[in-house]
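Q: Sequence below, structure please.
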Amino acid sequence: MSDKLPINALELLRQRTVESERIEYKAGWNPDTTMRTLCAFANDFENLGGGYVVIGQHSDGDGKPIFPPVGVAENQLDKIQRELLACCQLIQPPYFPVLSVELVDGHYVILLWAPGGQNRPYKVPASVTARHKSWHYYIRRYSSTVEAKGEIEQELLSLTAKIPFDDRFAQVAQVGDLSCTLMREFLLEVGSALAEDVSASLESLGRQMNVVGGPFELAWPKNVGLLFFNDAPQRFFPGTQIDVLWFPDGPGGDRFVEKIFHGPLGRMTREALDYIQRNFLQETVIKHPQRAEAQRLWNFPFTAIEEAVVNAVYHRSYEEREPIEVRISRDELVVLSFPGPDRSIRLEDLQAGRAVSRRYRNRRIGEFLKELDLTEGRATGIPKILKVMAANGSPAPLFETDDDRTSFVIRLPRHHLAQARVMETMDVTMDVGRATMDVTMDVGRDTMDVTMDVPVRVAALLQVVKGEMSRAMLQQAMGLGNADHLRKAYLVPAMAAGFLDMTVPATPRSRQQRYRLTEKGKIWMLAHLQR
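A: Numbering: from 1, shown residues only. Predicted structure coming up:
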């Protein structure tokens, strides 16, 4: 019954790739509570993609795992799996989670992956161990499993056979339309043990990743599988693309430059963001005669753009034949996607960064985007855009939709101090493909420099490094909420480029590990401070 999961088990246990409300830790095997939670994850009331139950892992009062885990005795593993199989047969309609046994810090734990089911609603006995059983529906409310009653039960029943588009079977395609190469590249990138099983067939690998389903005699790929693991998903979902448009004369002008990005969602998103970062982002440094430190700002903060684009990729409808558009002019950067947000979200809540959707349009796309480190988690995009724009000193972003929610627009205004500088720079060069710019001009008694010598994220990291700093210290200094995001998106690129190194390189996970600038990093910082 044991299998491997399509994500990194240790990252999951430490809540680095899955939100805490989608993980339930249990110190020991309790059939009743375990089955109620599995039933709730299968019902996936909010379309979050189900969740995970970890047996043999205790947690603190805040739901954080405690290491090393208490573990499950090796001689109990088979017994628990047999009992679990018998208990799962009590779920109506039939539902079975994916089970994996993992060795963590010398202790065995059982991981149960319970993706949102295809045949909800599901119900299970309140007590699977009782002699007389009564079946009930269960859902997740934040990090708790509760019985669905009254209006909630009626709403759950109304979801019968309503599966989010990305988790449906693509009956116009075949399993062979999935790319085994792309799937294995993904598994290697996220550190899944599934990548080690080189003998698995395409269908077997697809089923273990939950991108293939249906009966064994007639298997179908799921839409999310084609979106991430087919080289040309636009063949199946027309409009699956990101159009980046540059308007040198403004949106009403006659001239524009268009760049279209296709391909698997992860690759397409990264390539579009890289193109924007290389060609349209510039840092302005203003040196004031009465201040010791210069003022640094970006025309558009990259993190805000990243969140806006990824938000569009995550929440757009792939049933509509409309691309995502990123419109860039001298005054603003606009991200347009179709359709708009769910009607349960009020526009005033969006503007304040308080909006949380009652139910997600796509429940699987977010999982893969998070594994690829393109998003930190659910409901973090809008608040982060607001925070990053404010930290850069930029005007507040604008979020727009119409009464019919036919589209969603995110407007990122250019920083007012960068606006004139960028206009003159672009007038002189008109070279939007240029990756490095170093232009200086005098503005009154201040000096403004526009430069982009290293990737934006690496530059941002280098500027906060003071002496030797732990990862937690760097995470706090960067204002990031996800440690794994810091590692993948900032630390690894900075070290790979030779700007940063570790104080204990032989033991990367040492508790004494610190990070410091290399000589190359110090030279860059010195040149940066002198600009």
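
Q: And the next helix or strand past the helix or strand containing Val309?
A: Taking DSSP states H and E as the criterion, Val309 maps to helix 302-315. Per DSSP H and E, the first helix or strand lying C-terminal to helix 302-315 is strand 324-328.

Q: partner strands of that next one, parallel or antiparallel?
A: Applying DSSP bridges, strand 324-328 is found paired with strand 242-246 (parallel), strand 332-337 (antiparallel).

Q: Is Gly213 in contact with Arg207, as I believe?
A: Yes - counting by Cβ atoms under 8 Å, Gly213 touches Arg207, with 7.1 Å between them. All C-beta atoms are positioned from the backbone trio N, CA, C, and that covers glycine.

Q: shared neighbours of those two, anything?
A: Counting by Cβ atoms under 8 Å, 6 or more residues apart in numbering, the shared contacts of Gly213 and Arg207 are Ala219.

Q: Can you name the residues that contact Lys64?
A: For Lys64, the contacting residues are Gln15, Ser20, by Cβ under 8 Å, 6+ apart.

Q: how close does it sit to Gly366?
A: Distance from Lys64 to Gly366, counting by Cβ to Cβ, to the nearest Å: 22 Å.

Q: what do you get for Gly56?
A: Distance from Gly56 to Gly366, by Cβ to Cβ: 27 Å.

Q: Check Val18 too.
A: 10 Å.

Q: what do these two both touch?
A: Contact with both Val18 and Gly366 is made by no residue, according to Cβ under 8 Å, 6+ apart.

Q: in the protein, which helix has the most residues?
A: helix 265-280 (DSSP state H).

Q: Buried residues, whichever helix or strand comes after that helix. List them.
A: Toward the C-terminal end, the helix or strand that comes next after helix 265-280 (DSSP H and E) is strand 283-287. Residues Glu283, Thr284, Val285, Ile286 are the ones in strand 283-287 that count as buried (16 or more other Cβ atoms under 10 Å).

Q: Could you tell me how far the next helix or strand after strand 283-287 lies from the centre of the chain?
A: Following strand 283-287 in sequence order, the next helix or strand is strand 295-298 (DSSP H and E). Offset of strand 295-298 from its chain centre (Cα atoms, centre = their mean, to the nearest Å): 27 Å.

Q: Put the alpha carbons of strand 295-298 into PDB.
A: C-alpha atoms of strand 295-298 as PDB (Å, rounded to 0.1, in the frame of the first residue of the first chain):
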ATOM      1  CA  GLN A 295      17.800  56.700  -1.200                       C
ATOM      2  CA  ARG A 296      17.200  53.600  -3.300                       C
ATOM      3  CA  LEU A 297      14.100  52.800  -5.200                       C
ATOM      4  CA  TRP A 298      12.800  50.800  -8.200                       C
END
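
Q: Partner strands of it, with direction?
A: strand 283-287 (antiparallel).

Q: gap between the partner strand and the chain center?
A: Remark: strand 283-287 is offset 32 Å from the chain centroid, using Cα atoms, centre = their mean.

Q: do the same with stretch 360-372
A: Stretch 360-372 has its C-alpha centroid displaced from the chain centroid by 7 Å (Cα atoms, centre = their mean).

Q: re the thing from before, which among the strands paired with strand 324-328 is found nearest to His315?
A: Counting by Cβ to Cβ, His315 lies closest to strand 332-337 out of the strands paired with strand 324-328; the figure is 7.1 Å.

Q: Just the mean pLDDT for the closest one, thanks.
A: Averaging pLDDT along strand 332-337 yields 96.

Q: Find me the pLDDT at Val504, would you?
A: 87.

Q: didn't it look like it was pressed against Tyr515?
A: No - at 10.2 Å, Val504 does not count as touching Tyr515 under the criterion of Cβ under 8 Å.

Q: So which of those two has more stuff around it?
A: Tyr515 (21 against 12; other Cβ atoms under 10 Å).

Q: Beta-bridge partners for the more buried one, please?
A: Counting by DSSP bridges, the residues bridging with Tyr515 are Met469, Met502.

Q: circling back: Throw the buried residues of strand 283-287 into CSV and include distance to Pro69, thanks.
A: Output for those, formatted as CSV (distance: Cβ to Cβ, whole Å):
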residue, distance to Pro69
Glu283, 45
Thr284, 50
Val285, 49
Ile286, 52
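
Q: Now render the residues you listed as JSON lines, adding distance to Leu347 and pLDDT.
A: Converted to JSON lines, the buried residues of strand 283-287 look like this (distance: Cβ to Cβ, whole Å; pLDDT from 0 to 100):
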{"residue": "Glu283", "distance to Leu347": "32", "pLDDT": "86"}
{"residue": "Thr284", "distance to Leu347": "32", "pLDDT": "86"}
{"residue": "Val285", "distance to Leu347": "36", "pLDDT": "84"}
{"residue": "Ile286", "distance to Leu347": "35", "pLDDT": "83"}
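
Q: Closest to Ser100 out of those residues?
A: Checking those against Ser100 with Cβ to Cβ, the nearest one is Glu283 at 45.2 Å.

Q: what bridges to the closest one?
A: For Glu283, the residues forming beta bridges with it (DSSP bridges) are Trp298, Thr451.

Q: Distance of it relative to Ala527?
A: 13 Å.

Q: Just name the shakiest helix or strand of the protein by mean pLDDT.
A: strand 438-443 (a mean of 40; mean pLDDT, DSSP states H and E).

Q: that older thread, closest to Cys39 out of the strands paired with strand 324-328?
A: When those are ranked by distance to Cys39, counting by Cβ to Cβ, first place goes to strand 332-337 at 34.0 Å.

Q: what's the angle between the closest one and helix 265-280?
A: Computed by axes from the mean of the first three to the mean of the last three Cα atoms, to 10 degrees, the angle separating strand 332-337 from helix 265-280 equals 160 degrees.

Q: Just the residues contacting strand 332-337, thanks.
A: 276, 280, 300, 305, 308-309, 311-312, 315-316, 322, 324-328, 407-414.

Q: how big is the angle separating that strand from helix 302-315?
A: If you take the same axes, to 10 degrees, strand 332-337 sits at 20 degrees to helix 302-315.

Q: Alpha carbons of strand 332-337, in CSV - could you do that?
A: Below are the C-alpha coordinates for strand 332-337, written out as CSV (Å, rounded to 0.1, in the frame of the first residue of the first chain):
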residue,chain,number,x,y,z
GLU,A,332,2.5,52.0,-15.0
LEU,A,333,2.7,48.3,-15.3
VAL,A,334,-0.7,46.6,-15.7
VAL,A,335,-1.6,42.9,-15.4
LEU,A,336,-4.9,41.8,-17.0
SER,A,337,-6.5,38.4,-16.7
